[in-house]
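Student: pasting the sequence and the predicted coordinates here, then a few questions.
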Amino acid sequence: MLQVTNCFYTQGNQVLMLNKPRRGWWFAPGGKMEDGESISDACCREFLEETGLTITKPTLSSVFTVVIKQADQVVEEWMLYSFTISDATGEELSENHEGKLRWIKLSEINELLMAEGDKIILDHILHGSGVLIGKVTYTEDYDLIDIHYSSEH
């Protein structure tokens, strides 16, 4: 099963987000884990690759199983580990091979085009506590089929 990490970097009333041109959707910077890599190390490496910023000790905020279905058949499945940070060092990129980076005001978050599961994860990061654990199922076009989650303290 594929494993993916991402990291939400918040400062004051903003969060650093990545806009990918394929769908025009917004995501937290991140990507696929490499063989033998811990989820924390993958988070730090992917964040550096996509933002130019170095982070240490990211905090795990959510763990989701993501399932993509075509009719009743599972065509794709992965684990998504989302982290948070509030500090980073280095020179921030404005864009990378995935898309453009932008600081988004928290008051504008609800206006962004995002996958439904990502909206729930981000809401938990901004307003919740503990680790959010869940499963989200989408169609191949990322229309939400089902989502279940609970917060573990």
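Tutor: On my side now, so go ahead. These numbers come from a predicted model, not from an experiment. Numbers count the residues shown, from 1 in each chain.
Student: ok, Thr51 touching Leu93?
Tutor: Yes - when contacts are counted by C-beta atoms under 8 Å, Thr51 is listed as touching Leu93 (5.7 Å). Heads up, the C-betas are built off the backbone N, CA and C, glycines and all.
Student: neighbour-wise, which of the two wins?
Tutor: Thr51 (23 against 16; other C-beta atoms under 10 Å).
Student: and the residue lying closest to the more buried one once chain neighbours are set aside, how far is that from Gln73?
Tutor: With C-beta to C-beta, 6 or more residues apart in numbering as the criterion, Thr51 has its nearest non-adjacent residue at 5.2 Å, and that residue is Pro29. Pro29 sits 31 Å away from Gln73, going by C-beta to C-beta, to the nearest Å.
Student: neighbour count winner among the two?
Tutor: The neighbour count for Pro29 versus Gln73, taken as other C-beta under 10 Å, is higher for Pro29 (25 against 7).
Student: phi, psi of the more buried one?
Tutor: Main-chain torsions, Pro29, degrees, to the nearest 10: phi -60, psi 140.
Student: what of Asn110?
Tutor: Taking degrees, to the nearest 10 as the convention, Asn110 sits at phi -70, psi -20.
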